[in-house]
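Novice: The following comprises the amino acid sequence and a computationally predicted model.
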Amino acid sequence: MSVTCEEKPLPDTSTLFPHLHSNPATLPLSLNPFTITTTTGFLPLRPPRVDLPASFAALTNLVEKLPIVRQDGSPGLLANFQLGNTIDAGALPDLSDALDELIVQDGKPNLSSITTAFRDYAFLASAYLLEPCWEAWNANRETGYGLGRQVLPKCIARPLLKTAALIDIPPFMSYAAAYALYNYRYHDPAIGYSRYSNLRLIRAFEQGLDPRSSEAGFVLTHVDMVKHSPSLIQGVTRILDMIEESTRTPSLNNRDGVNQGFEILLSAMEKIEASMETMWSNSLPRDYNAYRTFIFGITSQSMFPNGVVYEGHNGNKPLFFRGESGANDSMIPLLDHLLEIPMPANPLTAILKDFRAYRPLPHRQFLSFVMNKATELGVAAYCRADPTTAILYLQLLDHVRSFRWRHWLFVREYILKRSKHPTATGGSPIVTWLPNQLLAVMDLMVDVYEGGLSRENGEFKRLQGMMDNVRKQRAKLEKEVQKWCQERGW
Ligand code: HEM
Ligand SMILES: N[C@@H](CC(=O)c1ccccc1NC=O)C(=O)O
């Protein structure tokens, strides 16, 4: 489905997204598990499948054996750098044909099972390619990662390519369809995700099968945040549909409805940021760089200067993919699009756009719809035209700012203070990329606040404290970026 606004106005949300209000349990397994509903948001329709049928026993066996610490506490293949040797010695047959068995009753591919296979092959691929970097980093943390393996063998490459094509996603470990949002299970299914302590990882590289480990905490904090995304979908669709309706029927005044949509979004962001704050105790900064080794990508990484050959594919010419990154999460981009936050036209913003391709297809379709619809309806102008809506608009922008600021603090403590590697796992420059987006939000806030309404409106004056904080933080951020760039000789 292509979602553009080139010619006629786009239909409203429920026409384009027929499953939006469905009960996820009733939807077929042939649907992409990341199909968006107002009850599951950006999480999968059902909790991720753990295991595949017996024909995939060789794959399951390897992904269970690979972690540095296995489920039973014993050292796994990566602990002794034995994963590559094991695979090269023939431990994994090419199971591409067995993927044809993962179908539903009417013969369509079972995309829940295909995503499960994609996740497990993606784990194996990253562990195989980055195992030498893990060895180099263990030998000397100061000298970096060295080179990864430059060829992905057929027994991993072919099924990884085949599953990726079926779910229409790049054939490399990704945030939603693999490491984070398709990698959790419930200790007690009756409790579900309502309690963080009920969450467990399915696969891990390092110590993640222990729920108290930093690897588990890092990933599961993301899941705990994204569980609040259904309210984001509800708020965004409400705002767009209300503005759309009042554009079609100018006699209708839907401002109250739009404002209610903003209230839903503000309260969701409060919960999401409160959950984000638990990262500090769920996952310790000093542990981060160990499991981080396995989530790097190929694009813009010194470990893969010439890309990676997927054996037997693309005429054996090397491929490049970005690594796993929260930049592929859909919550903040959803708000960027709704609020029409203008990003500067520069190479850093080009990276932000490049990340879009790594999201599951239904997330891509929904985000692209929201971006085009917000432009078509002029959401920012609509909000800025009325004092009450303008205040709500500014308050939501402030949440996007505080999310990105909080996030900058993570990057400072978990990465900048502990690693000299110049690029993040997704291939963006580690010091300058995040501030590019954060500064854009701050600048828009100042523009909205100073844009006319501020002097006359008493309510607006109440936001002075919020705006003082924005200005102070902006200056602080610029100084910090300068300092980190200087230290690194950038
Ligand atoms: C210890 C915690 C975290 C660290 C160290 C971290 C690190 C990073 C880094 C280095 C990037 C740059 C992108 C790249 O890979 O090239 C990034 C991007 C991003 N991360 Fe995180 N992250 C953390 C937690 C989170 C959490 C919990 C979320 C919640 C969903 C998140 C969402 C994002 C988003 C949305 C971006 C894109 C930023 C933007 O659009 O401005 N991150 N992260
Ligand atoms: N880009 C981050 C990693 C990262 O972003 C990430 C990786 C896997 C799962 C979630 C992530 N979320 C944080 O943004 C890094 O360079 O360490």
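Specialist: Sure, I can see it. Numbering: from 1, shown residues only. Ligands and ions are numbered 1, 2, ... in the order given.
Novice: Can you verify residue 146 is assigned to a strand?
Specialist: No. Counting by DSSP: H, G, I helix; E, B strand; the rest coil, residue 146 is not part of a strand but coil.
Novice: for the residue lying closest to it once chain neighbours are set aside, what are its contacts?
Specialist: By the measure of C-beta to C-beta, 6 or more residues apart in numbering, the closest residue to residue 146 outside its immediate chain neighbours is residue 136, 3.6 Å from it. To be clear about C-beta, it is placed using only N, CA and C from the backbone, and glycine gets the same treatment. Shown in contact with residue 136 (C-beta atoms under 8 Å, 6 or more residues apart in numbering): 143-146.
Novice: same check, this time on residue 113
Specialist: Each residue near residue 113 by C-beta under 8 Å, 6+ apart is listed here: 29, 49, 52, 102.
Novice: What residues does the stretch 201-350 of the chain have near ligand 2?
Specialist: Selection of the stretch 201-350 of the chain residues close to ligand 2 by C-beta under 6 Å from any ligand atom yields 222, 292, 295, 324-326.
Novice: let's see it at 8 Å
Specialist: When proximity is defined as C-beta under 8 Å from any ligand atom, the stretch 201-350 of the chain approaches ligand 2 at 218-219, 222, 288, 292, 295-296, 323-327, 329.
Novice: which one of those residues sits closest to residue 391?
Specialist: Nearest to residue 391 among these: residue 329, at 27.1 Å, using C-beta to C-beta.
Novice: Distance check, the closest one against residue 287.
Specialist: 21 Å (C-beta to C-beta, to the nearest Å).
Novice: okay, the two: which has more neighbours?
Specialist: More crowded of residue 329 and residue 287, by other C-beta atoms under 10 Å: residue 329, with 21 against 17.
Novice: pretty sure the more buried one is touching residue 175, no?
Specialist: Yes. Residue 329 is within contact range of residue 175, at 6.3 Å (criterion: C-beta atoms under 8 Å).
Novice: Just give me the neighbour total for the residue of the stretch 101-250 of the chain found nearest ligand 2.
Specialist: Closest approach between the stretch 101-250 of the chain and ligand 2, counting by C-beta to the nearest ligand atom: residue 180, at 4.6 Å. By other C-beta under 10 Å, 24 other residues sit near residue 180.
Novice: Pull the contacting residues for residue 34.
Specialist: By C-beta under 8 Å, 6+ apart, the contact list for residue 34 reads 42, 44-45, 176-177, 181, 360-363.
Novice: Out of those, grab the one that's most surrounded.
Specialist: Counting by other C-beta under 10 Å, top hit in those: residue 177 with 32 neighbours.
Novice: In contact with it, which residues are there?
Specialist: 34, 115, 118-119, 122, 167, 169, 360.
Novice: Excluding chain neighbours, give the residue nearest to residue 286 in space.
Specialist: residue 418 (7.4 Å).
Novice: Mind listing residues that contact stretch 361-372?
Specialist: Stretch 361-372 is contacted by residues 1, 3-5, 10, 13, 16-17, 32, 34-36, 42, 167-169, 176, 233, 236, 240, 330, 333-334, 337-338, 356-357, 359 when judged by C-beta under 8 Å, 6+ apart.
Novice: Check these one by one and keep those near ligand 1.
Specialist: Restricting the contacts of stretch 361-372 to those within reach of ligand 1 (C-beta under 8 Å from any ligand atom) leaves residue 333.
Novice: Buried among the contacts of stretch 361-372? Need that as a selection in ChimeraX.
Specialist: The ChimeraX command for the buried members of the contacts of stretch 361-372 (criterion: 16 or more other C-beta atoms under 10 Å) is given here:
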select :3,5,10,13,17,32,34,35,36,42,167,169,176,233,236,240,330,333,334,337,338,356,359
